[in-house]
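Enquirer: Build me a model:
(chains A, B, C and D)
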4 protein chains.
Amino acid sequence: MRTARLEAFSDGVFAIAATLLILNVSVAEGRPLAGELLRIWPSYVAYAVSFVTIGIIWINHHTVMTQIGHVDRVFLMISVLFLTNIAFIPFPTRLLAEAFNHPDDLQAAAIAYGVTLTLTAILFNVLWRYAARGKRLLRADADPRTVDGIGRSYLPGPFLYLTATAVALLNPYVSAGLYGALALFYVLESALFGSRR
Amino acid sequence: MRTARLEAFSDGVFAIAATLLILNVSVAEGRPLAGELLRIWPSYVAYAVSFVTIGIIWINHHTVMTQIGHVDRVFLMISVLFLTNIAFIPFPTRLLAEAFNHPDDLQAAAIAYGVTLTLTAILFNVLWRYAARGKRLLRADADPRTVDGIGRSYLPGPFLYLTATAVALLNPYVSAGLYGALALFYVLESALFGSRR
Amino acid sequence: MRTARLEAFSDGVFAIAATLLILNVSVAEGRPLAGELLRIWPSYVAYAVSFVTIGIIWINHHTVMTQIGHVDRVFLMISVLFLTNIAFIPFPTRLLAEAFNHPDDLQAAAIAYGVTLTLTAILFNVLWRYAARGKRLLRADADPRTVDGIGRSYLPGPFLYLTATAVALLNPYVSAGLYGALALFYVLESALFGSRR
Amino acid sequence: MRTARLEAFSDGVFAIAATLLILNVSVAEGRPLAGELLRIWPSYVAYAVSFVTIGIIWINHHTVMTQIGHVDRVFLMISVLFLTNIAFIPFPTRLLAEAFNHPDDLQAAAIAYGVTLTLTAILFNVLWRYAARGKRLLRADADPRTVDGIGRSYLPGPFLYLTATAVALLNPYVSAGLYGALALFYVLESALFGSRR
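Expert: Modelled structure (predicted):
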């Protein structure tokens, strides 16, 4: 099976999930707009963090697919489960943004966000390891250094997000800060080292 | 006519219909979030079942298109009617998820879900049989075993969904369970046998 | 300039506009669902008519693009204005569906729907005539019969939709019926004659 | 890395952001529809201006990508940040349209719209300058005149939108008019000179 349609479907889900995030940003009616625009700052941050996080996963998915030569039904099914998680991200993003104005809900929201991202990171690793084990789906000319690099660089994802999720049990503000810091780290890491590869 | 744009339009509808499902997942305001996140478990199940169901239909559509060499206006029109059903799926999904908190509505919701999926399965068979009859639209090098396999494997779809719909008249909970079981069956069947093909 | 990205952007807008139509289908809460599902029948009809109408325009756009070899900025700009109308269709579709339960609003809704479709049909003709005049953007090997056929078959669109719009001034029910009849006519015409071309 | 998937993801975000604008157009229930359809004229103008503005940026992005031969992670990351702004446009568009019926909010809404468009224009320049500096990512056969033309024609964007934003401090109506005039200018400029290139 060709990889083109899997890329088209995946790109569609990535693009829609990211763009739907804007539906989470809204102001209350009946209050002065200038004040509302300042009050909802957590919405902007949550929007930017989740959009960039989805964008980073998309870039990594792009890197994975450059090494893959063909796909089978198992890989397609793992991809569907992976995309089920990607498309879920707008929901906990809204919860987290709104919880900043309802501190009692912040812990539950931070856990919901973290569980979603942890599951997404796990499924991304499953996706890659299924394709790479014994070079099952890799291109004949797959680059060994890139293949090794992918395996190493995606492994920490589930642990990092699981840790940030666990931190929410102690302090949900720190947990939310970690989600933002993870996105910022990946942006800076790409900005500083991304042109060398 | 080329098949590329039909695939692009179809992939778009599949991806958007699946991703819009997340708009059905929401919590009531003014109640503790932790409790709400547990209370709305039917929303998560309905989201996952419908996303995976759309994903499976997309995978099967992908398989069909690998055997098709060109399309005509009749095939395009059947595709539009088929996609009209695909894009409809988010509506009965929301009804079914919400009805779990309003048991009086569960029978109507389960029937609405089943009718939508049954029509989708019928149109998928119409789509395939129009293309395959007399090899009308198949590629010159279409694989006879794949062509036979598609015909056989898609035939039960309408009957299975019609049966699950009819069960709703007796017990809507069993009906809803069958929709989930059908999605799970296809996932497991792909996971167990999908790498052999 | 290549035509590939114009097709990708257009297919995206077509697919999203069609799929967003499902957001117009909803039931009132607090009433028995079975009754609600029957009461909102105009929503289903409006959904199907608009989805199929967008699908037909997409098929025709597909036919146009098969004859076009390159695009310029004027053509891209006309395409953007044309797509602005396509993406607008969900709004009057919702108005028309809801107005069936508020007969006082039916005339305004039918006119809004008709004006949108008339403008869309006009812009589609502008798009085609700009490309075809003096074979400005046509492929070197464009098929003269297809080119003539496109010119002839798209010309009646604006007049048909303008007529159906004008009928709304006399009787909005007849006008709404005409919008459905136009979609049905194109479906049947494709089903009966679409395999001969 | 190939440019195809970046184009697919970008086209997806452009198409979805533009098409979601229609969700901003709505009428109040319980009032005569004919009057409502006239009252909400700012919604139509805001819809058209933002759709066409996104369309123009898409056309320009298309032009940029024709000159680019490959992409690196920095470019992908800048693209994600750029698209984060594109997908944000529907939010200030809704604010601006609604503020025409709440004049007290018009200044805040015009500033929100202007800041979004200014940031978008800045990021588009960053995107281009990163790719073009030292011909870092340009195709070997990039056309020098087109490359120079892009650099020159995109430079004024941030200043024009920043100026229109600053005008909102004095008179938000003039500011809103300038946003519309900028879109109209680009449409007319393409219509008059677009076929010569």
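
Enquirer: Does whichever strand or helix holds residue A:124 reach chain B?
Expert: In the assignment (DSSP states H and E), residue A:124 maps to helix A:106-132. Yes. On the criterion Cβ under 8 Å from any Cβ of the partner chain, helix A:106-132 is in touch with chain B at A:107-109, A:112. (Glycine included, C-beta is placed from N, CA and C.)

Enquirer: neighbour-wise, which of those residues leads?
Expert: residue A:109 (28 neighbours; other Cβ atoms under 10 Å in any protein chain shown).

Enquirer: Thought residue A:101 was touching it, still the case?
Expert: No. Using Cβ atoms under 8 Å, residue A:109 makes no contact with residue A:101, being 11.0 Å away.

Enquirer: So for stretch A:161-181, what gets flagged as buried?
Expert: For stretch A:161-181, burial by neighbour count (16 or more other Cβ atoms under 10 Å in any protein chain shown) applies to A:161-162, A:164-165, A:167-168, A:172, A:175-176, A:178-180.

Enquirer: Chain B next: which of these are close?
Expert: Checking those against chain B by Cβ under 8 Å from any Cβ, not one of them is in range.

Enquirer: Using CSV, please lay out those together with secondary structure and distance to residue B:46.
Expert: As requested, the buried residues of stretch A:161-181 are exported to CSV (DSSP: H, G, I helix; E, B strand; the rest coil; distance: Cβ to Cβ, whole Å):
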residue, secondary structure, distance to residue B:46
A:161, helix, 25
A:162, helix, 26
A:164, helix, 28
A:165, helix, 24
A:167, helix, 31
A:168, helix, 26
A:172, helix, 28
A:175, helix, 28
A:176, helix, 28
A:178, helix, 31
A:179, helix, 27
A:180, helix, 31
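
Enquirer: For those residues, work out which two are farthest apart.
Expert: Within these, two members stand farthest from each other by Cβ to Cβ: A:162 and A:180, at 16.9 Å.

Enquirer: Could you pull up the residues touching residue A:106?
Expert: With contact taken as Cβ atoms under 8 Å, 6 or more residues apart in numbering or on different chains, residue A:106 is in contact with A:96, A:99-100, A:172-173, A:176.

Enquirer: pLDDT at the residue lying farthest from the centre of chain A, what is it?
Expert: Going by Cα atoms, centre = their mean, the residue of chain A most distant from its centre is residue A:30, 34.9 Å out. Looking at residue A:30, its pLDDT stands at 87.

Enquirer: and the lowest-mean-pLDDT helix or strand in chain A, what other elements does it pack with?
Expert: Ranking every helix and strand in chain A by mean pLDDT, DSSP states H and E puts helix A:144-154 at the bottom, with a mean of 86. Applying 3 or more Cβ pairs under 8 Å, 6 or more residues apart in numbering or on different chains; DSSP states H and E, we find helix A:144-154 packed against helix A:41-66, helix A:106-132.

Enquirer: now the angle from the shortest one to helix A:106-132?
Expert: Per axes from the mean of the first three to the mean of the last three Cα atoms, to 10 degrees, the angle that helix A:41-66 makes with helix A:106-132 is 10 degrees.

Enquirer: Just confirm yes or no for helix A:41-66 near chain B.
Expert: No. Between helix A:41-66 and chain B, judged by Cβ under 8 Å from any Cβ, nothing touches; the nearest distance is 11.3 Å.
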